[in-house]
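A.B. asks: Sequence below, structure please.
(one chain, ligands or ions: 2)
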Amino acid sequence: MIDEFDDALALANDPRLAPPRPAPRAEADPAWEAARATAHRAVAPLPPRRLPLDLALGHTLAAPLTALTDLPAFDTSAMDGWAVAGPGPWTLTCATGALAGAPAAGALTDGEAVPIATGARIPDGATAVLRAEHGSARAGRLTGATPQPGADVRARGQECRTGAELLPARTPLTPAALGLAAAAGYDQLAVRPRPRAEVLVLGDELLFRGLPHDGRIRDALGPMTGPWLTALGAQVLVTRRLGDDADALREALATSRADLIVTTGSTAKGPMDHLRGVLAALGAELLISGVAVRPGHPMLLAELPGGVPLVGLPGNPLAAVSGLLTLAEPLLRALADRPPVPERAAALTGPVTGHPRDTRLVPVETPDPGGARPLSYAGPAMLRGIAAASALAVIPPGGAEARQRVRLLDLPHP
Ligand SMILES: Nc1nc2c(c(=O)[nH]1)N[C@H]1C(S)=C(S)[C@@H](COP(=O)(O)OP(=O)(O)OC[C@H]3O[C@@H](n4cnc5c(N)ncnc54)[C@H](O)[C@@H]3O)O[C@H]1N2
Ligand code: MOO
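C.D. replies: Ligands and ions are numbered 1, 2, ... in the order given. Take a look at the predicted model:
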């Protein structure tokens, strides 16, 4: 079996199959789509690893999942009853019969039958299964209407033959995918691991319990950034609160073991906004410094000297969500080598004012699949709108009319 895994790893490592990695270099205030594309190109997929099935949940298949066996692996009974050979009535050749997980009962010849359990191997010579409720056994004889040949028999290979592709590479490993892999004979899988993310919450004004007081407010980004990164496919190592301490930030960036660092706040140029200065001092390269999107236009993407990407989410809460879906989502997808999420659109229930030049992301609820209702309380510093929303509607520069179809970015659900 190791060979298959090595093949899978070799396939996943084949440079001909690896996405090209053009040199991403700084772009000032790119349009929203261009910023997403830059973020997607900024990183290469993480190297594949082999993981036991019970640790593979949430990672991404690094190579196609091909069946290591026929499924079913042998002809099995679909029902409890009797395996019968030829037309009835039948003589029962054995009282205990064929049980699931046991070797097949002895071969039958026409006129013979044997009790059989759902999932048990069909004995050689059997032509069908007679369901328990359709037959009657007395004194070694079985009577009942003769079932059609093949009735209630699951033929070997009905679901797949050995070598068939069951799932393509880049599929997220859901519980059902793990079940399929186990049924198909796998003990381990070659996966692209979930990217490890670290969240650094910046700001001296933040409180982590109790009510706002003395100009200080509760941290609203710590509680939502980690869970949303998890829902976007990351493994969040830690959420750290660093205040506005430039030294602590420098130390955290220099020593991080994450594949992606996400900071909150400090993207602008206020007196306590140290992020850009620390990035410059560390020799990081700014790949994106502001995006033509509202809210969230000060968001940034940098590459730290070791190659680790850093997404700077603006401090205003809705602006931070905008940064997550604009920059962190495509980065995480690229690191895990996941395919793009299928695009979804819906018709607005009312007009939405646009920004003259920038894209707007507006919280909407989608009570019916084709419609998107813009929500109130959707200012950059507000949370009521986004907390009630199921998606962000992408409003092109200049705005959108009622009933106009616009693209939706679904909010990820943990
Ligand atoms: N002169 C300018 N000032 C600002 C501009 C600008 O273009 N020119 N842009 C504004 C926009 S838009 C945004 S968004 C913010 C971005 O600011 P920062 O990323 O530097 O964030 P802070 O200054 O630290 O905070 C902004 C705002 O958000 C609150 N905040 C921060 N962290 C949290 C948190 N974890 N939980 C809840 N609220 C948080 C913070 O208290 C501030 O109210 O800059 C504008 N300024
Ligand atoms: O764009 Mo700020 O990012 O409006 O909140």
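
A.B. asks: what does the chain have sitting close to ligand 2?
C.D. replies: Within the chain, the positions adjacent to ligand 2 are 294-298, 314, 316, 319, 380 by CB under 6 Å from any ligand atom. Every residue, glycine included, has its C-beta placed from N, CA and C.

A.B. asks: Tabulate the residues you listed (TSV), appending pLDDT.
C.D. replies: Shown next, in TSV, are these (pLDDT from 0 to 100):
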residue	pLDDT
294	97
295	97
296	96
297	95
298	96
314	97
316	97
319	97
380	95
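
A.B. asks: is it possible to export these to TSV including secondary structure?
C.D. replies: What follows is the residues of the chain next to ligand 2, written out as TSV (DSSP: H, G, I helix; E, B strand; the rest coil):
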residue	secondary structure
294	strand
295	coil
296	coil
297	coil
298	coil
314	coil
316	coil
319	helix
380	coil
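
A.B. asks: Show me which of those is closest to residue 173.
C.D. replies: Distance to residue 173 across these (CB to CB) is lowest for residue 296, with 31.3 Å.

A.B. asks: Spatially, which residue comes closest to that closest one, not counting chain neighbours?
C.D. replies: residue 322 (3.2 Å; CB to CB, 6 or more residues apart in numbering).

A.B. asks: List the buried residues in stretch 222-231.
C.D. replies: Buried residues in stretch 222-231, counting neighbours by 16 or more other CB atoms under 10 Å, are found at 222, 224-226, 228-230.

A.B. asks: quick one: it to chain centroid distance?
C.D. replies: 14 Å (CA atoms, centre = their mean, to the nearest Å).

A.B. asks: which outside residues touch it?
C.D. replies: Residues outside stretch 222-231 that contact it (CB atoms under 8 Å, 6 or more residues apart in numbering): 197, 199, 201, 206, 208, 236, 239, 241, 262, 264, 313, 317, 320-321, 324, 328, 332, 411-414.

A.B. asks: Pairing partners for the helix or strand residue 408 falls within, with directions?
C.D. replies: Element membership for residue 408, per DSSP states H and E: strand 405-410. According to DSSP bridges, strand 405-410 forms sheet pairs with strand 344-348 (antiparallel), strand 391-395 (antiparallel).

A.B. asks: quick one on the thing from earlier: helices - which of the contacts of stretch 222-231 land there?
C.D. replies: Those of those mapping onto helices are 317, 320-321, 332, per DSSP state H.

A.B. asks: Disregarding residues adjacent in the polypeptide, which is nearest to residue 386?
C.D. replies: In space, residue 386 is closest to residue 363, 4.8 Å off (CB to CB, 6+ apart).

A.B. asks: which among the contacts of stretch 222-231 end up buried?
C.D. replies: Buried among the contacts of stretch 222-231 (16+ other CB under 10 Å): 197, 199, 201, 206, 236, 239, 262, 264, 313, 317, 320-321, 324, 328, 332, 411-412.

A.B. asks: Please list which of those also come close to ligand 1.
C.D. replies: 201, 206, 264, 317.

A.B. asks: Return the member of the residues you listed nearest to ligand 2.
C.D. replies: Ranked by distance to ligand 2 (CB to the nearest ligand atom), these are led by residue 317 at 8.4 Å.

A.B. asks: C-alpha coordinates for stretch 64-79, CSV please?
C.D. replies: The C-alpha trace of stretch 64-79 is given here as CSV (Å, rounded to 0.1, in the frame of the first residue of the first chain):
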residue,chain,number,x,y,z
PRO,A,64,-6.6,11.7,-6.5
LEU,A,65,-8.2,9.1,-4.2
THR,A,66,-8.2,5.9,-6.3
ALA,A,67,-9.9,2.8,-5.1
LEU,A,68,-7.4,0.2,-3.6
THR,A,69,-10.2,-2.5,-3.9
ASP,A,70,-13.4,-3.2,-5.7
LEU,A,71,-16.4,-1.9,-3.8
PRO,A,72,-18.2,-4.0,-2.7
ALA,A,73,-15.1,-6.2,-2.5
PHE,A,74,-17.2,-9.3,-3.0
ASP,A,75,-20.9,-10.1,-3.8
THR,A,76,-22.9,-9.3,-0.7
SER,A,77,-26.4,-9.6,0.4
ALA,A,78,-28.4,-6.4,0.6
MET,A,79,-31.0,-7.9,2.9
